[in-house]
Each structure stands twice: as C-alpha cells, then as structure tokens.
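>>> quick check, what structure comes out for this input:
(2 chains)
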Number of protein chains: 2
Amino acid sequence: MTRTSASGDAVDVEVVLYDGFDELDGVGPYEVFETAGAFVAEGDGGIRVRTVTLDGREWVTASHGLRIGVDGTLGTPDLLVVPGGGWNAGDDRPGARREAERGAIPEAIRGLADEGVTVAAVCTGGMLLAEAGILDGRPAVTHASALDDLRATDADVVDARVVDDGDVLTAGGITSGLDLALHLVRRYCGTDVAERVATELEYDADPSRVFVAGEADE
Amino acid sequence: MTRTSASGDAVDVEVVLYDGFDELDGVGPYEVFETAGAFVAEGDGGIRVRTVTLDGREWVTASHGLRIGVDGTLGTPDLLVVPGGGWNAGDDRPGARREAERGAIPEAIRGLADEGVTVAAVCTGGMLLAEAGILDGRPAVTHASALDDLRATDADVVDARVVDDGDVLTAGGITSGLDLALHLVRRYCGTDVAERVATELEYDADPSRVFVAGEADE
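Model prediction:
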C-alpha cells in the first residue's frame, strides 16, 4: 500500500534531520515543498512540510556547521525525506555513515516503508535507505562519491539525477534534491504547480534526467 | 578601495540574516563558500563563512518557517552576502521589504561598502542594496517578481543570472545565489576550486548567464 493524499487533504512531508546532514540536501526539498504548499489553495490538498528528528530536539548541527531548527519528532507522514551528508567523514563523525552504523534511522525508515509511507532520499541519504534494506533489487542513485558503496548493496544503480520507483525515490548529490522535490510536487500537485515553484525559485530543472521505473520500458 | 584576501589569509564571508529571509538565498551561498573553504589547504587562503545579524541573536526564522542559527553579529568581512525574501509579503510582514523600510540593514550595507567591503546580494536582497544607494548607476539584477521595483530605482537592470560589477554583485532569484557564490569562489580561489565545489554539489552552473561589467564591452 502506498499512502497518498486523500482529495482535499494536504500531503504531510517530514524531513528527518540528524547531526551532520548536508544543509542543502534538507533545505532544498523543504523550500520546494513549502513553496508548493503556499501555492495550493486552502482545501485543495497541497503540501505541509516540517523538520523532524527521532528524538525530541530543538535544533541540529548540519555538516557545514549551520544550525537548523527542528519542528518535532518523526511521525507517520505521507512522504519521508531523508537527506544525506558527511558520508565520507567516517563513522566516528556526525553524518549519514554514522547514522547507518547506529541503525536507528534505517530502522525507522524500514518501519515507515512497511506502513506504506513514500520514502525519498537525497544524496547519501540513499545509503540510509540501502541500510534499511528498502533499495534491495530496486533502481536507485546517490551522490557520485558514494556510487561504489551503493553498487556494493543489492540496489540497481541507475545513471540519473532522480530515480522514481513509486514509493521509493532517490536523488543524486546535494542540489539534485531540488529536482527530486519538484518531481514529487509534479506528482502530488500537478505540472502547473511544479512549474510555478521552479519559476519562483528560478531553477532550471531537467526532467530528462529523471528516471521513472516502468516508463523506461515503454 | 576593495578589500580582498591578502595572500595566505582566508576571505571572511558574512551572510547577514533577518526574520523572513529566504532560506535558500542564504543557505545556498553559505554551503558553496563553506565547501570551497574546506577544499583549500590550510595556509593557502581559502574562505571562512558565518551567519550574522545586526543584533545579537541565537537564531532567525526564515520566510518558509525554517529556523536558522546565527553565529554572531555583523563585523567587517571581506565579503557581505545579503539574501532576499518576502519582498512581496508587504512591509508589515518579516522580509526584505520590511528591512528596506526599517533602514538599519541598508545603512549597515552602505557603511560596509564605504569601507571597501564587497557586497553581494541574492534575489530581493538586491532591493536592500538599492535602498542603501549602492546600485545607483550600476548594473544589477534581482528576483523576477521585483524587477519592476528595481527598474524604478537608479540601478541599470541587466538580464542575467549573476551581475558582477566588481565590488557590488547581484543575482536573480533564489537558486541563482548558487551561481553567484560559485562565481565568487572562482574569483577568490580560482576555477579549479569552483569546479570542484560545483561537482561536489552536483550543480550545473551556467557561466554564460553571468554578466561581468566591462567584459561585455570588450
């Protein structure tokens, strides 16, 4: 089962933060979703987005030293966004690799995926999805610096900026999170809203770099 | 006089935040500069970046609701980055227009420019530079939604994603702040470092959309 927004209900998006996440991996999609939500009229569905952690915390320190406020704890959203960051910093430094070692975030991802929550990873957030086991046998991508690590898993690595496998989506490095989020806005709110968001952000997304599973075979 | 980094000294960059600034306007350049700084060897110059406000505050609430931590108060950096945000929210709502009305940030910009600090605005941050009077008779750009307001000033509006007029630079909307910062990294640290940052961020900057004053006449 895939949870999607019922007609008239907003899509609930949670961006899960952790110490050492990459700022733009999280903030890019956050702003895309928040902008889309503001463009959709009250009662017409739309998107609500908030930042969360597994534990209750006021803020998180990202990989480039920026502190970002946390809105609450992880719930059961319609869409979970998993940023990457600090993959190559080592597992004793804050970041995605340390979270992969610790296991709590991969376990939470696995649990939400089992409940039908759509999971979308940016950058090396994809490695947390791999650790959760939800990329096994599925098309995926990650930051260029972690592609060999992703190939060493049971994921089927695809050369694309965004890989949409229905209820599991992955994106390449850092700024490709913008393309991932715009692609999801297109899915949830339609092409017009997605184009309006891209225009507002003055961002030239390249839809030709989005791989949608199934479509490639048509 | 234009302040530039002396050989061996890092370029000090301050991103001035205020309630209602656009998240990506600030976080995009912040991450570009921080990434560049990490790529330059100790003692070889490089870049240091921090977030500041005029008053001493722990954090600021951005235009899409994200709370961002503040590192300190505005000093005398080599480069001041001025994000935009909330220009069309009205002057009673947090954002660039309210700051233009209040005058404290434009006054600080004017003072730093007079001291030789390079000033770079993203998005409607350009309107704060216009309010400061430092765009009078100079080429500039801003977010598409504020171009008419910029044309109503003494600035010479240019159709470009980034406008480099030496010690005053402006960028178009939101994500063009990434192009602005990469252009400045190229200036301060060279093409190799700028390309390495773009590769790390997996961002396709388009140098053909950067207008450098003087070069167009050659």
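>>> residues from chain A in reach of chain B?
Counting by Cβ under 8 Å from any Cβ of the partner chain, chain A comes close to chain B at A:22-24, A:27-28, A:30-31, A:34-35, A:51, A:59, A:64-69, A:143-145, A:161, A:172-176, A:178, A:199-203. (Glycine included, C-beta is placed from N, CA and C.)
>>> filter the residues you listed down to just the buried residues.
With neighbours counted by 16 or more other Cβ atoms under 10 Å in any protein chain shown, these contain buried members at A:22-24, A:27-28, A:30-31, A:34-35, A:51, A:59, A:64, A:66-69, A:143, A:145, A:161, A:172-176, A:178, A:200-203.
>>> restricted to helices, list those.
Mapping those onto helices (DSSP state H) picks out A:Glu23, A:Leu24, A:Val27, A:Gly28, A:Tyr30, A:Glu31, A:Glu34, A:Thr35, A:Ser176, A:Leu178, A:Glu200, A:Leu201.
>>> could I get these as TSV with distance to A:Thr76 and pLDDT?
Converted to TSV, these look like this (distance: Cβ to Cβ, whole Å; pLDDT from 0 to 100):
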residue	distance to A:Thr76	pLDDT
A:Glu23	26	98
A:Leu24	26	98
A:Val27	23	98
A:Gly28	24	98
A:Tyr30	19	98
A:Glu31	23	98
A:Glu34	20	97
A:Thr35	24	97
A:Ser176	26	98
A:Leu178	26	98
A:Glu200	30	97
A:Leu201	29	98
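>>> what's the farthest-apart pair in the residues you listed?
The span of these, defined through Cβ to Cβ, is set by A:Glu23 and A:Glu200 at 20.1 Å.
>>> okay, and A:Pro94 sits in which element?
Using DSSP states H and E, A:Pro94 sits in no helix or strand.
>>> contacts only, for it.
A:Tyr18, A:Asp19, A:Gly20, A:Thr61, A:Ser63, A:Gly86 (Cβ atoms under 8 Å, 6 or more residues apart in numbering or on different chains).
>>> ok, now with 6 Å
A:Asp19, A:Gly20 (Cβ atoms under 6 Å, 6 or more residues apart in numbering or on different chains).
>>> the helices in chain A, which residues?
Going by DSSP H, chain A shows helices at A:23-39, A:96-102, A:104-114, A:125-131, A:147-151, A:176-189, A:191-201.
>>> so which of those is nearest A:Val82?
Per Cβ to Cβ, nearest to A:Val82 of these: helix A:125-131, 3.8 Å.
>>> gap between that closest one and the chain center?
How far helix A:125-131 lies from its chain's middle: 11 Å, per Cα atoms, centre = their mean, to the nearest Å.
>>> go on, stretch A:188-201?
With Cα atoms, centre = their mean, you get 18 Å for stretch A:188-201.
>>> now do the buried residues in that stretch.
Judged by neighbour count (16+ other Cβ under 10 Å), stretch A:188-201 contains these buried residues: A:Tyr188, A:Cys189, A:Val193, A:Ala194, A:Arg196, A:Val197, A:Ala198, A:Glu200, A:Leu201.
>>> what pLDDT does the model give the fourth one?
Per-residue confidence (pLDDT) for A:Ala194: 96.
>>> pLDDT on stretch A:205-212, on average?
The average pLDDT for stretch A:205-212 rounds to 90.
>>> kindly report the same for stretch A:153-161.
Stretch A:153-161 comes out at a mean pLDDT of 97.
>>> so how far does that stretch reach from one end to the other?
The straight-line separation of the ends of stretch A:153-161 (Cα to Cα, to the nearest Å) is 19 Å.
>>> low pLDDT regions in chain A?
Across chain A, residues meeting the criterion (pLDDT under 70) sit at A:1-8, A:42-43, A:216-218.
>>> among the ones in helices among the buried ones among the residues of chain A next to chain B, which one sits closest to A:Gly103?
A:Glu23 (24.0 Å).
>>> list the contacts for the nearest residue to that closest one once chain neighbours are set aside?
Closest residue to A:Glu23 apart from its sequence neighbours, by Cβ to Cβ, 6 or more residues apart in numbering or on different chains: A:Ala62 at 4.5 Å. By Cβ under 6 Å, 6+ apart, the contact list for A:Ala62 reads A:Phe21, A:Glu23, A:Ile68.
>>> give me the contact list for stretch A:37-50.
The contact list for stretch A:37-50 (Cβ under 6 Å, 6+ apart) reads A:5, A:8, A:10-13, A:30, A:33-34, A:36, A:71, A:189, A:193, A:196.
>>> among those, list the two that are farthest apart in space.
Spatial extent of the contacts of stretch A:37-50 (Cβ to Cβ) is set by the pair A:Asp71 and A:Arg196 at 24.7 Å.
>>> mind listing what A:Asp136 touches?
Counting by Cβ under 6 Å, 6+ apart, A:Asp136 touches A:Asp154.
>>> hmm, 10 Å instead?
Contact analysis of A:Asp136 by Cβ atoms under 10 Å, 6 or more residues apart in numbering or on different chains lists A:Leu129, A:Ala130, A:Thr153, A:Asp154, A:Ala155, A:Asp156.
>>> ok, and the most crowded of the residues you listed?
The most crowded member of the contacts of A:Asp136, judged by other Cβ atoms under 10 Å in any protein chain shown, is A:Leu129 (32 neighbours).
>>> residues in contact with it?
Applying Cβ under 10 Å, 6+ apart to A:Leu129 gives the contacts A:80, A:82, A:84, A:100, A:105-106, A:109-110, A:113, A:119-121, A:135-136, A:138, A:140, A:142, A:150, A:153, A:155, A:168-170.
>>> hang on, the earlier thing: mind putting the contacts of A:Asp136 into CSV with distance to A:Val212?
Below are the contacts of A:Asp136 laid out as CSV (distance: Cβ to Cβ, whole Å):
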residue, distance to A:Val212
A:Leu129, 17
A:Ala130, 20
A:Thr153, 21
A:Asp154, 21
A:Ala155, 17
A:Asp156, 14
